[in-house]
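J.: have a look; sequence and predicted model below, questions after that.
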Amino acid sequence: MKYLQPKSPDSTRFYVIDYSKLIGSDIINRSTMTVASGSVSVIKQVWNNSAIGMMISGGTIGETDTINITINTQAGQIFTDVAALLIVANEDNLDFSVVTKDTIIEFAFQDLRISGYIFDKSPNMLSAMLSRLDALMRQWRLQGMDVGYNHPPKIGQSNLNDIAGIEDGITAMVATCLAKEYMEGIGKTLNANFISRYNKAWNWLYAQYRSIPFSKLPTNTPRGSGGKLYSVYFPFMLDQATTNEESLLNAVNGSQYIIAGVWDDSLWNKSAWG
């Protein structure tokens, strides 16, 4: 599966996928790109040598759309692939991560086994765990912890294949917290090993993602003894800014995404336009 750089519903983006490592010295002579799920539209599709290109528009905020790709080569080879595209409200400061919600849930079930409980992952149980994940992430956001989770419009409307939106490095920690919520919800006892792992995960997440409310210091707050002249002539703090700065998302390498490019007719064989 290929992951395309997220886009907003109002934008139109052109994506290029290079299959040179897959087809070698062979040449693409036909390719089709069709929307398998979601509300986006492929308004232009092209291919040339070892690359394909598609221009995509539309979409609905919060959904992860999929596009089926079929490639026919000059030597008679046929390849299929799937491209996933997350639709976001704001394309600025995206957290480049391709972890799916299914991955978090799978990690959570692994934690449950560590704690001594084995569960048969039936569709109903997966759905319940997914809804609990949505609820937990909403709870965290209300508590001032925003890990970048891709929230559905309503709790329980997520899909297991949705991109979670969180940074890859915290996947296991979020899963451990989810496992604890699930086990407490069904009345299971937590063993000491699991509690230790949970405490480490929660403490790190809380320290990293908890937003600290801005608090203006009183103007009579002493400056301290660090600056001798200030402590004599200006012993108190001056007026401070009264607005919060927007917190920046983690600077995560975006190489996992296929970045949107610019359409250029000169790069493509016009006879291959779809």
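T.: Good, I have the coordinates. Since the structure is predicted, the reported quantities are computational estimates derived from the model, not experimental observations.
J.: from here on, contacts and neighbour counts on C-alpha atoms
T.: Will do.
J.: dump the residue contacts of residue 189.
T.: residue 183 (CA atoms under 8 Å, 6 or more residues apart in numbering).
J.: so it is in which element?
T.: In this structure, residue 189 sits in neither a helix nor a strand according to DSSP states H and E.
J.: ok, now how distant is it from residue 135?
T.: To residue 135, residue 189 is 21 Å away according to CA to CA, to the nearest Å.
J.: for the spatially most central residue of the chain, helix, strand, or coil?
T.: Computing the C-alpha centroid of the chain and ranking residues by CA atoms, centre = their mean puts residue 165 first, at 1.8 Å. When classified by DSSP: H, G, I helix; E, B strand; the rest coil, residue 165 comes out as coil.
J.: show the pLDDT at it.
T.: On the pLDDT scale, residue 165 is placed at 78.
J.: okay, it and residue 70: tell me how far apart.
T.: Between residue 165 and residue 70 the computed distance is 28 Å (CA to CA).
J.: ditto for residue 7
T.: 23 Å.
J.: of those two, which one has the most company?
T.: Each of residue 7 and residue 70 has its neighbours counted (other CA atoms under 10 Å); residue 7 has more, 25 against 15.
J.: buried residues, the helix or strand hosting residue 180. List them.
T.: Assigning secondary structure by DSSP H and E places residue 180 in helix 171-185. For helix 171-185, the neighbour count (16 or more other CA atoms under 10 Å) marks 171-182 as buried.
J.: and the pLDDT at residue 218?
T.: 61.
J.: shift numbering so it begins at 57
T.: All right, first residue 57 from here; so that's residue 274.
J.: all strands of the stretch 57-206 of the chain, in order?
T.: Taking DSSP state E, counting those that start in this stretch as the test, the strands found in the stretch 57-206 of the chain are 58-63, 69-74, 84-93, 96-104, 107-114, 120-129, 134-143.
J.: can you classify residue 225 as helix, strand or coil?
T.: Assignment for residue 225 (three-state DSSP): helix.
J.: that one and residue 91: what is the separation?
T.: The value you get for residue 225 to residue 91, if CA to CA is used, is 31 Å.
J.: please say which of the two ends up with more neighbours.
T.: Taking other CA under 10 Å, residue 225 and residue 91 do not tie; residue 91 has more neighbours (17 against 11).
J.: for that one, which non-adjacent residue is closest in space?
T.: Nearest non-adjacent residue to residue 91, counting by CA to CA, 6 or more residues apart in numbering: residue 123, 4.4 Å away.
J.: give the bridge partners for that neighbour, please.
T.: residue 91, residue 139 (DSSP bridges).
J.: from residue 95, how far off is it?
T.: 11 Å.
J.: may I see the buried residues of stretch 93-100?
T.: 94-98.
J.: tell me the pLDDT at residue 321?
T.: Taking residue 321 on its own, its pLDDT is 64.
J.: what about this structure, any weak spots by pLDDT?
T.: Within the chain, the stretches with pLDDT under 70 are 148-154, 170-176, 267-313, 317-330.
J.: and it, what are its domain boundaries?
T.: 58-149+309-319, 163-265, 273-302 (automatic domain parsing).
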